[in-house]
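Participant: I would like to see how this sequence folds:
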Amino acid sequence: MNPEPAVIARRQALVCAGVAVGTGALVACTRGQEQPARPVREDGVLADTAEVPVGSALIVDGIVVTQPRAGEFAGFSAVCLHAGCAVSKVDGAEVICPCHHSTFGLDGAVISGPARAPLAPAAITVRGDSVVAG
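Facilitator: Numbering: from 1, shown residues only. Sure thing, here's the model as predicted:
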């Protein structure tokens, strides 16, 4: 008997399984980036202050704008440092990465992983009733 065909078949099965898992992971990471964030307005404004819900956030052109308390705003990069996917969903006080379902608080801190690093700060400024980048 020649055991070689069984070894090759097993190796081929393992390689195919590895390719399938890798492809699935890439598709999952890409899916989050395909959901476009709201663009910056023509006048350069990310959002009106009234558009950012108190106790929640708004994702605008790669920036997560939060308003944890009335009149208090903060900005964070929309890039999840776990795998480089863009956070794309806000559920109350949680910002969610669609790739591996990491959640972040309104201060950018990780609530649940697999992400271990917080969202990076992004400079924003409130000018009157507008939030602008920088």
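Participant: can you give me the helices for this structure?
Facilitator: Residue ranges of the helices in the chain, as given by DSSP state H, are 4-34.
Participant: the strands in it, which residues?
Facilitator: All strands of the chain, identified by DSSP state E, fall at 45-48, 56-60, 63-69, 72-77, 89-91, 94-96, 103-104, 110-112, 124-127, 130-133.
Participant: and the angle from the third one to strand 56-60?
Facilitator: Comparing the axes of strand 63-69 and strand 56-60 via axes from the mean of the first three to the mean of the last three C-alpha atoms, to 10 degrees yields an angle of 160 degrees.
Participant: Name the residues of strand 63-69 that come out as buried.
Facilitator: Buried positions in strand 63-69, judged by neighbour count with 16 or more other C-beta atoms under 10 Å: Ile63, Val64, Val65, Thr66, Gln67. For the C-beta atoms, the positions are set from N, CA and C on the backbone; glycine is no exception.
Participant: Adding distance to Pro53 and pLDDT, write these out as TSV.
Facilitator: Listed next are those as TSV, based on distance: C-beta to C-beta, whole Å; pLDDT from 0 to 100:
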residue	distance to Pro53	pLDDT
Ile63	16	94
Val64	13	95
Val65	10	96
Thr66	9	97
Gln67	7	97
